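*Asks:* Have a look; sequence and predicted model below, questions after that.
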Amino acid sequence: MIAGQVFSRHGFKKTTMEEIARALRMGKSSVYYYFRSKEEIFEAVVLHEANVLRNELTAAIKSVESPVDKMRNYVFVRMKSLEKLSNYYNTIFDRNLDHFDFIEKIRARYDREELAILRLILYLGVRRKVFRIENSEYTALAVQTALKGLEVPLFWQKKELNIEMRLNAILDVLFYGILQ
């Protein structure tokens, strides 16, 4: 999505309708015919990226059989996709965008969908006797919290680019714990 590239390059605040129109090779009035405001365009971009993420995660989970592989694929695809989908990522985590009503709805939906996916993977693992979990709701919340905790070092402090080592380490703790 072309408008998404403009927002990614300049950020929401610094992006202008003129830049969006220029990138789309349209007149500004033509853009206003389809969208009432820059916020409405940004919302469309974010919803598009949310669908891209959802489709990538669904494909990653369906591509493997074992619950361990489903969780591993989910974690890797989630983290790598969020890095690519910068507008969606910024919407979920940038507190400077809090004043837009649609942002909180998108954040809440993202959290609900992620917890549902994690609960499903965990349920499948318990049913197949691969995971031993006492409370799937709390376990899904713990996994979600751990993943969110990894986002800052992975995306904002790009000093170390070996994402796979960090993700494998968190998965090792998840699957095997820290007790001997």
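*Replies:* Sure thing, it's come through.

*Asks:* I'd say residue 137 and residue 116 touch.
*Replies:* No: the criterion here is Cβ atoms under 8 Å, and residue 137 misses it with residue 116 at 10.7 Å. C-beta coordinates here come from the backbone N, C-alpha and C atoms, glycine included.

*Asks:* so who does residue 170 touch?
*Replies:* 75, 146, 147, 150 (Cβ atoms under 8 Å, 6 or more residues apart in numbering).

*Asks:* go again using 7 Å as the cut-off
*Replies:* When contacts are counted by Cβ atoms under 7 Å, 6 or more residues apart in numbering, residue 170 is found next to 146, 150.

*Asks:* What are the buried residues along the one helix or strand it maps to?
*Replies:* Using DSSP states H and E, residue 170 falls within helix 163-176. The neighbour-count check on helix 163-176 (16 or more other Cβ atoms under 10 Å) flags 163, 167, 170, 171, 174 as buried.

*Asks:* got it, and stretch 16-24?
*Replies:* Neighbour-count burial for stretch 16-24, with 16+ other Cβ under 10 Å as criterion, is recorded at 19, 20, 21, 23, 24.

*Asks:* Pull the distance from it to the chain's centre.
*Replies:* Centroid displacement of stretch 16-24 relative to its chain, using Cα atoms, centre = their mean, to the nearest Å, is 26 Å.

*Asks:* what residues does that stretch touch?
*Replies:* Contacts of stretch 16-24 (Cβ under 7 Å, 6+ apart): 2, 3, 5, 6, 10, 27, 28, 31, 38, 41.

*Asks:* before we move on, the earlier item: pLDDT on the helix holding residue 170, on average?
*Replies:* Average pLDDT, helix 163-176: 84.

*Asks:* Surely residue 119 is in contact with residue 141?
*Replies:* No: under the criterion of Cβ atoms under 7 Å, residue 119 is not in contact with residue 141, lying 9.4 Å apart.

*Asks:* Can you tell me which helix or strand of the chain has the lowest average pLDDT?
*Replies:* Least confident helix or strand, the chain: helix 86-93 with a mean of 66, by mean pLDDT, DSSP states H and E.

*Asks:* mind saving the C-alpha coords of the helix holding residue 170 as CSV?
*Replies:* What follows is helix 163-176, C-alpha atoms only, in CSV (Å, rounded to 0.1, in the frame of the first residue of the first chain):
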residue,chain,number,x,y,z
ILE,A,163,16.7,-12.0,16.3
GLU,A,164,16.6,-15.7,15.8
MET,A,165,19.0,-16.3,18.8
ARG,A,166,16.8,-14.2,21.1
LEU,A,167,13.6,-15.8,19.9
ASN,A,168,15.1,-19.3,20.3
ALA,A,169,16.2,-18.4,23.8
ILE,A,170,12.7,-17.3,24.8
LEU,A,171,11.2,-20.4,23.2
ASP,A,172,13.6,-22.6,25.1
VAL,A,173,12.5,-21.0,28.4
LEU,A,174,8.9,-21.4,27.3
PHE,A,175,9.2,-25.0,26.4
TYR,A,176,11.7,-26.3,28.9
